[in-house]
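Novice: model this:
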Amino acid sequence: MLHETTIKENTRAIIVGVCLSNRDTERVNYSLQELHKLVETADYEVVSSMCQNRKSIDKRHYLGKGFVAEIKERMLADDIAYLIFDDEISPSQQANLEKDFDIKVLDRTQIIMKIFYKHAQSSEARLQIRLAELQYELPRLKQSSTAFDRISGGAAGGAAAKGAGEMQINLDRTSIRKEIALINEKLEKILVQKNTQSKQRERINRVCLVGYTNAGKSTLFNRLTQSDVLVEDKLFATLDSTVRSLSLSKYENFVITDTVGFIAKLPHTLVASFRATLKEAQDADLLLHVVDASQPDFAKQMSEVNTVLNEIEADHVPVLLVFNKIDKLKPEERVILSNTHKKAVLVSAETGLNIENLVKQIEDFFILEIDYQLMIPYKEQKLMAQLHKIAEVKEIEHLENGVRMLIRLDSSYKDLVEKYIF
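Specialist: Purely as a prediction, here's the structure:
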């Protein structure tokens, strides 16, 4: 009797980086540690992490030829299938490595895109990732017909459309450009819809969570909104932006948005493709920059987030710094953090510690930024005169049954106008 057998794909990998100076060592080591997490999230097994000290990048192989030859021997001896680079390598370098050494090569960008494939849930996210993938693949068509296969399929199959790898082998530049144009057209329509929705929410105070991937944004989002959005201890668990009302606030006109997490060396193709999603950050009235306080290198992560905010043109939006996971810190570490970042809020989204203070800080920021739509009877002349003194009257219309007013008023005066709100 014949038994079906499943051959498990070899996912063992060596990750590698380049150190161009002694001052670069710490940065490269940190980046390789992060790559290790990314590679594991993409369902590969990291066997070894290596770094070559060089004065410059090798134009043909990125690494020195002798160094790659040593890696090839190690790969053969230990049954290692992949060599994964910490940086995005050029199409020609990838092709040369695969041709000259007969090894499978991936880079950081391909790993990140593979993770995005796994976690994409909505049609919008899939379109955005597909666009990034095509833009990455276009210059590589001439060099290699297998690179796309490894992004779309790879160790875990990902969430890409079935047969995408096989189909791409036969696509030429013209067909890819046509598909890019078609996706851009679809995403442009989504962007128009988001702009319309944004205008409809103009009188709503918009708060947006941003931060490094796995900083605990979704847990904080759930805590603030009393929701149950998926929370996983994984990189890029959240790709689609989610909007909810700020349930813990005593005011009603707040919405809060959770967005995709950022990371060092986030591929430009992904940043460009996710512009519709990241528009939530651009259009926000306040950004909550969530930082994992338990990470020893959180300062580097903060810097990377600020870089991406600048890249997506959201650096003009006011920011409230929120240090999360303080339940993992010692009391003396909390004191140091608080003294170092005096304007920041220290919270634990997991335990709820200090969440009330965070909500108050958000409310205080908007205390002069609340709009009210009122219908006031003509007999309330005294109230209307008072509102002209204490509020910003944005619109006024005299109707048969009273005066319709749109005002911007300090929220502490809400009781004064509450019964006339409509």
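
Novice: Give me the pLDDT for residue 119.
Specialist: Predicted confidence (pLDDT) at residue 119: the value is 76.

Novice: Repeat that for residue 242.
Specialist: 80.

Novice: and the top helix by length along the chain, what does it pack onto?
Specialist: Looking across the chain with DSSP state H, the single longest helix is helix 173-200. The contact analysis (3 or more C-beta pairs under 8 Å, 6 or more residues apart in numbering; DSSP states H and E) places helix 173-200 against helix 123-137, helix 275-282. In this view, the C-beta of every residue, glycine as well, is placed from N, C-alpha and C.

Novice: Could you pull up the residues touching residue 139?
Specialist: Shown in contact with residue 139 (C-beta atoms under 8 Å, 6 or more residues apart in numbering): residue 91.

Novice: And it, how far from residue 214?
Specialist: Distance of residue 139 to residue 214, given as C-beta to C-beta, to the nearest Å: 31 Å.

Novice: Likewise for residue 362?
Specialist: Counting by C-beta to C-beta, the gap from residue 362 to residue 214 is 23 Å.

Novice: got it, and residue 270?
Specialist: For residue 270, the distance to residue 214 - C-beta to C-beta - is 17 Å.

Novice: and what of residue 313?
Specialist: Where residue 214 is concerned, residue 313 sits at a distance of 25 Å (C-beta to C-beta).

Novice: These two - which one has more neighbours?
Specialist: Neighbours were counted for residue 313 and for residue 214 using other C-beta atoms under 10 Å; residue 214 has more, 21 against 13.

Novice: what's the neighbour count on the nearest residue to residue 325 once chain neighbours are set aside?
Specialist: In space, and not counting its chain neighbours, residue 325 is closest to residue 294: 4.5 Å by C-beta to C-beta, 6 or more residues apart in numbering. Around residue 294 there are 16 other residues, counting by other C-beta under 10 Å.

Novice: Just confirm residue 294 is within a strand.
Specialist: No: counting by DSSP: H, G, I helix; E, B strand; the rest coil, residue 294 is located in no strand; its state is coil.

Novice: who's in contact with it?
Specialist: 325-326, 328-329.

Novice: likewise residue 271?
Specialist: Residue 271 touches 278, 308, 311-312, counting by C-beta under 8 Å, 6+ apart.

Novice: Going by distance to residue 115, which of these wins?
Specialist: Nearest to residue 115, judged by C-beta to C-beta, of those is residue 308 at 16.5 Å.

Novice: Next, work out how far apart the residue lying closest to the closest one once chain neighbours are set aside and residue 16 are.
Specialist: By the measure of C-beta to C-beta, 6+ apart, the closest residue to residue 308 outside its immediate chain neighbours is residue 262, 4.5 Å from it. Using C-beta to C-beta, residue 262 is found at 24 Å from residue 16.

Novice: what does residue 116 give?
Specialist: Noted for residue 116: a distance of 22 Å to residue 16, by C-beta to C-beta.

Novice: Show me how this structure divides into domains.
Specialist: Taking automatic domain parsing as the reference, the chain has its domains at 12-111, 120-187, 201-365, 370-420.

Novice: Could you provide the ones you listed in CSV, with additional columns for distance to residue 195?
Specialist: Output for those, formatted as CSV (distance: least, C-beta to C-beta, whole Å):
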stretch, distance to residue 195
domain 12-111, 29
domain 120-187, 13
domain 201-365, 8
domain 370-420, 19
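
Novice: All set now, cheers.
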